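[1] A predicted structure for the sequence below; I have some questions about it.
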Amino acid sequence: MAQFQQDIILFDLDGTLTDSAEGVIRTAQYTMEQCGIQPWSEADLRFMVGPPLLQTFRKEFGMNEEEANHALAIFRERYFNIGAFENKLYDGIVPMLEQLKKLGKRMAVATSKNEVSAVRILEHFQIASYFEVIGGDCREKERNTKAKVVAYVLEQLQAKAEDAVMVGDRNYDVEGAHSLGMPCIGVLYGYGSREEFDACGADQVAQTPADVVKLFA
């Protein structure tokens, strides 16, 4: 019997559907330059892939609210035009989506990435049609945490948390889902680790996209 019987699956984007590290890191380095900060190395900036950016600029770079918002605006301009497409689908994503669709699962995206950028990326890779809802960060509506994005996606789906499972690659995905009473599967092919998932209490861990399917089949 499948471990998860829920009919709805919410996917994170960066580190779960696409490998976006190149675009995020290059854009982070550009943003640092524009803010008068010596750019860090690629290895030192990998932590920026996935978490909410405004929170990252405040916490990791010691910026105040005004500085963080300025940095975010610089980041988003470069990312929207260039960085979003310095990106690629992980191997096995399309077969995973196809198999879950055949199992009758309803699918959506819940990402901390700006919602407009998320839609453009999914359309670029021609997988947007798999998802009933694509929800992301929307500062104008104060949708600026993972939990708020997940709650918004559930509302759009007219679904309850107990009817859904989150799939993501970082502790933010697990914590956002758990805050609403939703289980979360951590994927190891993204940017997180088994130690991270153990620490935050992921309900299950999948090594590959094919392993995600096995948890529902």
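    Cool, the structure landed.

[2] what's the neighbour count on residue 33?
    Burial of residue 33, expressed as a neighbour count using other C-beta atoms under 10 Å, amounts to 12. The way it works is simple: take the backbone N, C-alpha and C, and place the C-beta from them, glycine included.

[3] Please report how far it lies from residue 62.
    Noted for residue 33: a distance of 17 Å to residue 62, by C-beta to C-beta, to the nearest Å.

[4] Residue 122 now?
    Using C-beta to C-beta, one obtains 33 Å as the distance from residue 122 to residue 62.

[5] Please identify which of these two sits among more neighbours.
    Using other C-beta under 10 Å as the criterion, residue 122 and residue 62 rank with residue 122 on top: 22 against 9.

[6] from memory that one sits against residue 136, does it?
    No. Here residue 122 lies out of contact with residue 136, judged by C-beta atoms under 8 Å, at a distance of 10.2 Å.

[7] Correct me if wrong: residue 188 contacts residue 204.
    No. Counting by C-beta under 8 Å, residue 204 is not a contact partner of residue 188; they are 11.1 Å apart.

[8] In three-state terms, how would residue 205 be classified?
    Each residue gets one of three states, and residue 205 gets strand by DSSP: H, G, I helix; E, B strand; the rest coil.

[9] Report the separation between the two terminal residues of stretch 136-155.
    End-to-end span of stretch 136-155 (C-alpha to C-alpha, to the nearest Å): 13 Å.

[10] If you count neighbours, what's buried in that stretch?
    Of the residues in stretch 136-155, those buried under the neighbour-count criterion (16 or more other C-beta atoms under 10 Å) are 136-137, 143-154.

[11] Run through the residues that contact the residue lying closest to residue 87 once chain neighbours are set aside.
    With sequence-adjacent residues excluded and distances taken as C-beta to C-beta, 6 or more residues apart in numbering, residue 87 is closest to residue 20, at 4.7 Å. Each residue near residue 20 by C-beta atoms under 8 Å, 6 or more residues apart in numbering is listed here: 13-14, 49, 84, 86-87, 121.

[12] Going along the chain, name the helices of this protein.
    Counting by DSSP state H, the chain forms helices over residues 21-34, 53-61, 65-81, 93-102, 115-124, 146-157, 171-178, 194-200, 209-214, given from the N-terminal end onward.

[13] and residue 41, which of those helices is closest to it?
    Nearest to residue 41, of all those, is helix 21-34, at 8.8 Å by C-beta to C-beta.

[14] who does the closest one touch, helix- and strand-wise?
    Using 3 or more C-beta pairs under 8 Å, 6 or more residues apart in numbering; DSSP states H and E, the elements in contact with helix 21-34 are helix 65-81.

[15] from memory residue 189 sits against residue 207, does it?
    Yes. Using C-beta under 8 Å as the test, residue 189 is close enough to residue 207 to be in contact (6.9 Å).

[16] more crowded one of the two?
    When neighbours are counted by other C-beta under 10 Å, residue 189 comes out ahead of the other of residue 189 and residue 207, with 19 against 11.
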